[in-house]
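>>> Based on what follows, work out the 3D shape:
(one chain, ligands or ions: 2)
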Amino acid sequence: MTDTHEGGCVCGAVRYVTKGDPLRVSLCHCTWCQRRTGTAFGTEAVFAAENIAFTGTAPSVYRHISDLSGRWLDQFFCPRCGSNLGLTLEAVPGIRSIAAGTFDDPTWLNATGVPFRHIFMRSDHGWADVPESMEQYEMHFRK
Ligand SMILES: [Zn+2]
Ligand SMILES: [Zn+2]
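Ligands and ions are numbered 1, 2, ... in the order given. Sure thing, here's the model as predicted:
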């Protein structure tokens, strides 16, 4: 099984396995992602939900209602160390994301063959440089 990748939180309690390449990687500069991650943008590797399996301690869930769309977003995190472990979205059923920085091997995920999209650039911080060569959207890439 060479196409599986493992990862987890910093304390090791929550672990996961993903199968195959992500459908896309969304780097979201919205103010909600800035706050939930505590940094410039959220980086979400998006998979079909059935291609992600959690093992170990079950992640905790916080449900946020978007003030933009009115729909829910569930954010998953380790109940012990608080590491951010990804999202599920009411707006996009059947997928879930993994916070891209939590893979054990930080080198496997790259911009070759998988779309990397910087979204919600309208609230981008000037101190987080995005290369001009990368796809960028003022809001979401979905119309
Ligand atoms: Zn943890
Ligand atoms: Zn966002």
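
>>> hey, where'd the strands end up in the protein?
Using DSSP state E, the strands found in the chain span residues 4-8, 14-19, 24-28, 42-48, 52-56, 60-65, 72-77, 84-89, 95-99, 116-119, 135-136.

>>> for the protein, what are the low-confidence residue spans?
For the chain, the stretches flagged by pLDDT under 70 are 1-2, 142-143.

>>> ok, now with 50
Under the criterion pLDDT under 50, the flagged ranges of the chain are 1.

>>> what are the bridge partners for the most centrally placed residue in it, then?
Centroid-nearest residue in the chain, with C-alpha atoms, centre = their mean: Glu44, separated by 2.0 Å. Note on Glu44: beta-bridge partners Ser26, Ala99, judged by DSSP bridges.

>>> wait, what's in contact with Asp129?
Residues near Asp129 by C-beta atoms under 8 Å, 6 or more residues apart in numbering: none. (C-beta placed from N, C-alpha, C; glycine too.)

>>> Now do the phi/psi pair for it.
phi -70, psi 130 (degrees, to the nearest 10).

>>> thinking again about what came up before, the residue nearest to the centre of the chain contacts Cys28, correct?
Yes: the pair Glu44 and Cys28 qualifies as a contact (C-beta atoms under 8 Å) at a distance of 6.7 Å.

>>> want to try TSV for the strands of the chain, with distance to Pro106 as columns?
Putting the strands of the chain into TSV (distance: least, C-beta to C-beta, whole Å) gives the following:
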stretch	distance to Pro106
strand 4-8	9
strand 14-19	14
strand 24-28	13
strand 42-48	11
strand 52-56	18
strand 60-65	24
strand 72-77	19
strand 84-89	15
strand 95-99	12
strand 116-119	15
strand 135-136	22
